[in-house]
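# the sequence and its predicted three-dimensional model are supplied below.
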Amino acid sequence: MNRTETMVLIKDSITEIVPDADFTDVGPDDKFRDALELDSLDFVGLVELLSERTGVRIDEDDYPALTTLADVTNFLLGRQN
């Protein structure tokens, strides 16, 4: 996957967790959990969904590094097989 495909995958996954997610005002370096009002359970669901869809293991220790869309994209791209 390239950067664009990964970002689309992330946004699609967020939309599956939060169907009314509006990315209009969410830039790649914005903290998406705050902007899209994801609670802790939503975030864990997102992590599980991303792990399932990409095959990338995401541990709880990795969560602090997954605060922006760019962070998640970089994380997933850096861990691809």
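Right, received. Where do you want to start?

# just the buried positions in the helix or strand bottoming out on mean pLDDT in the chain, please.
One helix or strand of the chain scores below all others by mean pLDDT, DSSP states H and E: helix 32-35, with a mean of 91. By neighbour count on 16 or more other C-beta atoms under 10 Å, the buried set for helix 32-35 is 32, 33, 35. Quick note: C-beta positions are derived from backbone N, CA and C, even for glycine.

# how close does the residue nearest to residue 79 when sequence neighbours are not counted get to residue 15?
Nearest residue to residue 79, sequence neighbours excluded (C-beta to C-beta, 6 or more residues apart in numbering): residue 56, at 4.5 Å. As judged by C-beta to C-beta, to the nearest Å, residue 56 and residue 15 stand 19 Å apart.

# on that earlier part again, closest one of the buried residues of helix 32-35 to residue 63?
Distance ranking of the buried residues of helix 32-35 against residue 63, using C-beta to C-beta, places residue 33 first at 10.2 Å.

# surely that closest one meets residue 41?
No - look at residue 33 against residue 41 with C-beta atoms under 8 Å: they stay out of range, at 11.7 Å.

# neighbours of residue 5, how many?
Other residues near residue 5 come to 11 when the count uses other C-beta atoms under 10 Å.

# I'd guess it is in a strand, am I close?
No - counting by DSSP: H, G, I helix; E, B strand; the rest coil, residue 5 is not found in a strand; it is helix.

# helix, strand, or coil at the spatially most central residue of the chain?
Among the residues of the chain, the one closest to the centroid is residue 10, at 4.6 Å (C-alpha atoms, centre = their mean). Following three-state DSSP, we place residue 10 in the helix state.
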